[in-house]
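[1] Need coordinates for the below:
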Amino acid sequence: MGEAKATKGYRLPAKWVIHTVGPFWRGGNHGEDDLLANCYREALRLAAALPARSVAFPAISTGAYRFPTDRAARIAVKEIGTFLGDNPLPEKVYLVCFRDETLHAYRKALAAFCVGNP
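    Predicted structure coming up:
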């Protein structure tokens, strides 16, 4: 958990696919936040090293692994925002939302991050 590996995109419209495995939610007292943050950090580091100009993330661990969506969105936005502030690549990060709940959580997290990091 918390690591990232890349494979070729082959017939996909992407040159690479970056794989990471997020933590299973076990109540929040087992290092889940740090593990999830590390997934984003490592995937972003790998994307920059490839070098990828863009990367797209689903809401890691929020589906079958039951990580609370609001909490996961805050972690994702913080890690992505911090990384982008310190690195030229990737130039763009897409947050992929399959559910309205996820979209609302990301909007809320982005608004809070932007207020705290003008």
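
[2] Need the residues that contact the lowest-mean-pLDDT helix or strand in the chain.
    Lowest on mean pLDDT, DSSP states H and E among the helices and strands of the chain sits helix 100-116, with a mean of 94. Applying Cβ atoms under 8 Å, 6 or more residues apart in numbering, the set of residues contacting helix 100-116 from outside is 59, 62, 69-70, 72-74, 76-78, 81, 95, 97. For the C-beta atoms, the positions are set from N, CA and C on the backbone; glycine is no exception.

[3] quick one: low-confidence parts of the chain?
    118 (pLDDT under 70).

[4] Show me where it has its helices.
    Using DSSP state H, the helices of the chain run over 32-49, 69-86, 100-116.

[5] ok now the last one, how far from the chain's centre?
    Per Cα atoms, centre = their mean, to the nearest Å, the displacement of helix 100-116 from the mean C-alpha position of its chain is 13 Å.

[6] and stretch 71-85, which residues are buried?
    For stretch 71-85, a neighbour-count test (16 or more other Cβ atoms under 10 Å) marks 71-84 as buried.

[7] I'd like these as TSV, with distance to L110 appended.
    Putting these into TSV (distance: Cβ to Cβ, whole Å) gives the following:
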residue	distance to L110
R71	15
A72	13
A73	8
R74	10
I75	13
A76	10
V77	6
K78	10
E79	13
I80	10
G81	8
T82	13
F83	15
L84	12
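
[8] got the contact list for P58?
    With contact set as Cβ under 8 Å, 6+ apart, P58 has these partners: V96, F98.

[9] and the gap between it and I18?
    12 Å (Cβ to Cβ, to the nearest Å).

[10] Check F67 too.
    According to Cβ to Cβ, F67 stands 19 Å off from I18.

[11] How about V96?
    13 Å.

[12] Which one's more surrounded, these two?
    More crowded of V96 and I18, by other Cβ atoms under 10 Å: I18, with 20 against 11.

[13] right, and the more buried one touches A48 too?
    No - using Cβ atoms under 8 Å, I18 makes no contact with A48, being 10.9 Å away.

[14] in the sheet, who's paired with the residue lying closest to L84 once chain neighbours are set aside?
    Computed as Cβ to Cβ, 6 or more residues apart in numbering, the closest residue to L84 that is not its neighbour in sequence is V93, at 6.8 Å. Taking DSSP bridges as the rule, V93 bridges to V55.
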